[in-house]
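Peer 1: Sequence first, then the predicted structure, then my questions.
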Amino acid sequence: MIETKRKLLLELAASKPLNASTCLLTFRIESDVAASCRPGQFFNFRPLDSTAPLLRRPISICDARPDAAHSDAGEIDFLVKIVGEGTRLLAVQAPGTTVDVVGPLGNPFTPDPTRPSLLIAGGVGVAPLHFLARSLPAHGGGDAPITFCYGARTQRDFVLLDRIERATSDLILATEDGSLGHKGLVTEIAEPFLADGTQIFVCGPSPMMNAMLPLLRERGLTAQLSLENQMGCGVGACQGCVVPGRQGHIRVCCDGPVVSSEDLESVFSD
Amino acid sequence: MTDLSVRIGTLTLKNPVTVASGTFGYGTEFADFYDPSRLGAVFLKGLSLEEREGNPPQRLVETPSGLLNAIGLQNVGFDRFVAEKTPALEGIDTATIANVCGKTIEDYVELARRLAEIDRIDAAELNISCPNVRHGGMAFGCAPDSTEKITRAVREVYPKPLIVKLTPNVTDIRDTARAAEAGGADALSVVNTFLGMAIDIDTRRPKLGNRTGGLSGPAIRPLAVRMVWDCFGAVKIPIVGQGGISEWRDAVEFLLAGASALSIGTANFVNPTAPIDVLEGLERWLADQGVSSLSEIVGAAQAG
């Protein structure tokens, strides 16, 4: 098992547009590196071998598939939502291109495979929770149910629905415009499933996670939340990506991205 | 083989490639990528007597070929530094240099006095150039008289090599460079970040939580090279050049301008092996050029 951070050149095997602003990138990766990736962790992508844009872009691992028979035939998926120049440059890379990445980085989810799971995803926050859902049965070999609540603005924004459906016991959708599933917010469809004994994992935009926090507190529950922020070093050295926590600043890159809801008063939004 | 060693006061660096304070944590954060013992020195994260929370987020803004930061010297404070951070430095076989911060001259002097007792800390870098704190920081480094006064006060209690890190946010950096030398500095770090700002046009507010920040990265390299050039003509003590060095060619440029050693800063974030890539490229170039000692090229661009 490799727990080491590495700088790697990954070959893009496939790039698949999923909707107008999101694409799924699949890279070849050594199987032992793929096997060392944990849901919630990320890789830091350099968009270009250039000084503009300068910094790397942290992107959550969407799936990692080691190939047991071939050490060099593993695959790793990333969901890239185009939000600016850096992500746009990544999304337009052609298969065969090599991309400079650093990873795997960050504090992962820590699931208990024997307990029922509730996964609550908003927007591109679906990526790490997809990886988590895919990993859960493999961890435990048991049949603890996985309930996956997924919210988006509108039907076209949903991605990976087939894959998530295969990996979970129950997939429940919400759209703000009512075009698919419940009309409203993902927090509303998740609320009935908030129960003692269920482990809860949340990743989505700050307003969504901020709506989750009081629902958890009212019930005395905690959840594992995956945060995001602009990063400098990505390895805990620069203190640039901190967000406020109850016990002081939290470095998203290495104290997170996954933190306990108990560590936060609210989720930072810039 | 070129002799790569660099003298700073009584300290000999094995090579001129160092990492800049604030970009390399407490010395171990990049150890997965390479052995930090290969570096000429590690400038550790800015340290104050008391633990500091730093500035509120947002702390980073990317700019064209640059990075604005307003970390605000978040650090664990002296006691936790000694207890929690120095033990791991025992495994690093190179010079480790503390970056000394304070709100008052007395803070700097007291911290330097205590650091002098820590065997594993080989030298001190006086940070009178941080643009991101309200008290101390850049305030001391903006005028020659306060630069000389604080350097002298620390010099009196600190017997190991003392490096003064200059701010570029002055009218003429030669004045503060001379002041630091007069106060007893063994070397200068040239330069810290340039005070800057970025505004979000949607919210109509500054993007940084601290409103202003320090600009680093390739965007400032020509500015920093000019300041190293100016300082080289103004003082006799060695200069640790820094400001946007990303690859070996940049390092050579700084040496030719007058730097005896170099610090890699923001490039650590872009390329975690940048210091080693710079070192190896520099070694190749020096060998190709038939340079037997680094001193042959330091300031060579100023000849004639």
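Peer 2: Happy to help now that I have it. Residues are numbered from 1 along each chain as shown, chains lettered A, B, ... in the order given.

Peer 1: what's the offset of stretch A:45-53 from the middle of its chain?
Peer 2: Computed by Cα atoms, centre = their mean, to the nearest Å, the chain-centroid distance of stretch A:45-53 equals 22 Å.

Peer 1: Please write out the alpha-carbon positions of it in CSV.
Peer 2: Extracted in CSV, the C-alpha atoms of stretch A:45-53 (Å, rounded to 0.1, in the frame of the first residue of the first chain):
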residue,chain,number,x,y,z
PHE,A,45,-3.7,19.4,-11.5
ARG,A,46,-1.4,21.7,-13.4
PRO,A,47,-3.6,23.1,-16.2
LEU,A,48,-0.6,24.0,-18.5
ASP,A,49,3.2,23.9,-18.4
SER,A,50,3.1,27.7,-18.2
THR,A,51,2.9,30.4,-15.6
ALA,A,52,-0.7,31.4,-16.4
PRO,A,53,-2.7,30.0,-14.9
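
Peer 1: For residue A:9, give me phi and psi.
Peer 2: Main-chain torsions, residue A:9, degrees, to the nearest 10: phi -110, psi 110.

Peer 1: Please report the distance of it from residue A:24.
Peer 2: Taking Cβ to Cβ, to the nearest Å as the measure, residue A:9 falls 20 Å from residue A:24. Bear in mind the C-beta positions are built from the backbone N, C-alpha and C, glycine included.

Peer 1: Which one's more surrounded, these two?
Peer 2: Using other Cβ atoms under 10 Å in any protein chain shown, the more surrounded residue of residue A:9 and residue A:24 is residue A:24, with 20 against 10.

Peer 1: ok, the more buried one - contacts?
Peer 2: If you count contacts by Cβ atoms under 8 Å, 6 or more residues apart in numbering or on different chains, residue A:24 has them with A:14-16, A:18, A:62, A:77-80, A:159-160.

Peer 1: buried stuff in the helix or strand bottoming out on mean pLDDT in chain A?
Peer 2: Of all the helices and strands that make up chain A, helix A:126-140 has the lowest average by mean pLDDT, DSSP states H and E, namely a mean of 85. By 16 or more other Cβ atoms under 10 Å in any protein chain shown, the buried positions in helix A:126-140 come out as A:126-136.

Peer 1: which of the residues you listed lies closest to residue A:248?
Peer 2: Nearest to residue A:248 among the buried residues of helix A:126-140 is residue A:128, at 24.6 Å by Cβ to Cβ.

Peer 1: Enumerate every residue touching the closest one.
Peer 2: Residue A:128 makes contacts with A:39-40, A:60-62, A:109, A:203, A:226, A:257, as judged by Cβ under 8 Å, 6+ apart.

Peer 1: so of these, which ones are in strands?
Peer 2: Among those, the members found in strands (DSSP state E) are A:60-62, A:203, A:226.

Peer 1: can you count the residues close to the residue nearest to residue A:17 when sequence neighbours are not counted?
Peer 2: Take residue A:17 and drop its neighbours on the chain: the residue closest to it by Cβ to Cβ, 6 or more residues apart in numbering or on different chains is residue A:23, 4.8 Å away. When counting by other Cβ under 10 Å, one arrives at 22 neighbours for residue A:23.

Peer 1: okay, residue A:23: pLDDT?
Peer 2: Turning to residue A:23, the model gives it a pLDDT of 96.

Peer 1: and the gap between it and chain B?
Peer 2: According to Cβ to the nearest Cβ, to the nearest Å, residue A:23 stands 22 Å off from chain B.

Peer 1: so that residue makes contact with residue A:77?
Peer 2: No - with contact defined as Cβ atoms under 8 Å, residue A:23 does not count as touching residue A:77 (10.6 Å).

Peer 1: So what sits opposite residue B:264 in the bridge?
Peer 2: Counting by DSSP bridges, residue B:264 is bridged to residue B:19.

Peer 1: what's the neighbour count on it?
Peer 2: By other Cβ under 10 Å, 27 other residues sit near residue B:264.

Peer 1: Surely it and residue B:18 touch.
Peer 2: Yes - contact criterion Cβ under 8 Å: residue B:264 and residue B:18 qualify, at 7.3 Å.

Peer 1: quick one: contacts of the host helix or strand of residue A:89?
Peer 2: Using DSSP states H and E, residue A:89 falls within helix A:85-91. If you take Cβ under 8 Å, 6+ apart as the criterion, helix A:85-91 is touched by A:15, A:23, A:25, A:45, A:47-48, A:53, A:55, A:57, A:59, A:80-82, A:99.

Peer 1: Can you name the two of the residues you listed that sit furthest apart?
Peer 2: A:15 and A:55 (22.1 Å).

Peer 1: who's more crowded, the two?
Peer 2: Using other Cβ under 10 Å as the criterion, residue A:15 and residue A:55 rank with residue A:55 on top: 24 against 18.

Peer 1: My reading is that the more buried one lies in a helix. Confirm?
Peer 2: No - counting by DSSP: H, G, I helix; E, B strand; the rest coil, residue A:55 is located in no helix; its state is coil.

Peer 1: dump the residue contacts of it.
Peer 2: Neighbour list for residue A:55: A:86, A:230-232, B:60, B:62, B:67, B:269-270 [criterion: Cβ under 8 Å, 6+ apart].

Peer 1: Just among those residues, which is most surrounded?
Peer 2: Using other Cβ under 10 Å as the neighbour criterion, residue B:67 leads these with 30 neighbours.

Peer 1: Next up, identify which helix or strand that residue is on.
Peer 2: Residue B:67 is part of strand B:66-69 when elements are defined by DSSP H and E.

Peer 1: again with residue B:228
Peer 2: For residue B:228, the host element (DSSP H and E) is helix B:221-234.

Peer 1: Touching that helix from outside, list them.
Peer 2: For helix B:221-234, contacts defined as Cβ under 8 Å, 6+ apart pick out B:166, B:168, B:172-174, B:177-178, B:188, B:190-191, B:194, B:239, B:241-245, B:250, B:253-254, B:257-259, B:299, B:301-302.

Peer 1: rewinding a little: show me what the strand holding residue B:67 is packed up against.
Peer 2: If contacts are counted by 3 or more Cβ pairs under 8 Å, 6 or more residues apart in numbering or on different chains; DSSP states H and E, strand B:66-69 sits against strand B:60-63, strand B:212-216.

Peer 1: Which one of those lies nearest to chain A?
Peer 2: For those, proximity to chain A was assessed by Cβ to the nearest Cβ; strand B:60-63 is nearest, at 4.2 Å.

Peer 1: ok now the host helix or strand of residue B:110, how far from the chain's centre?
Peer 2: Using DSSP H and E, residue B:110 sits in helix B:105-115. Distance of helix B:105-115 from the chain centroid (Cα atoms, centre = their mean) equals 19 Å.

Peer 1: Show me what that helix is packed up against.
Peer 2: Helix B:105-115 sits against helix B:77-80, strand B:95-100, strand B:123-127, helix B:144-157, with contacts defined as 3+ Cβ pairs under 8 Å, 6+ apart.

Peer 1: where exactly do the helices run in chain A?
Peer 2: Secondary structure of chain A by DSSP state H: the helices cover A:31-36, A:85-91, A:126-140, A:161-167, A:186-190, A:206-218.

Peer 1: Give me the pLDDT for the residue of chain B found nearest chain A.
Peer 2: Across chain B, the shortest distance to chain A (Cβ to the nearest Cβ) belongs to residue B:25, at 3.3 Å. Predicted confidence (pLDDT) for residue B:25: 97.
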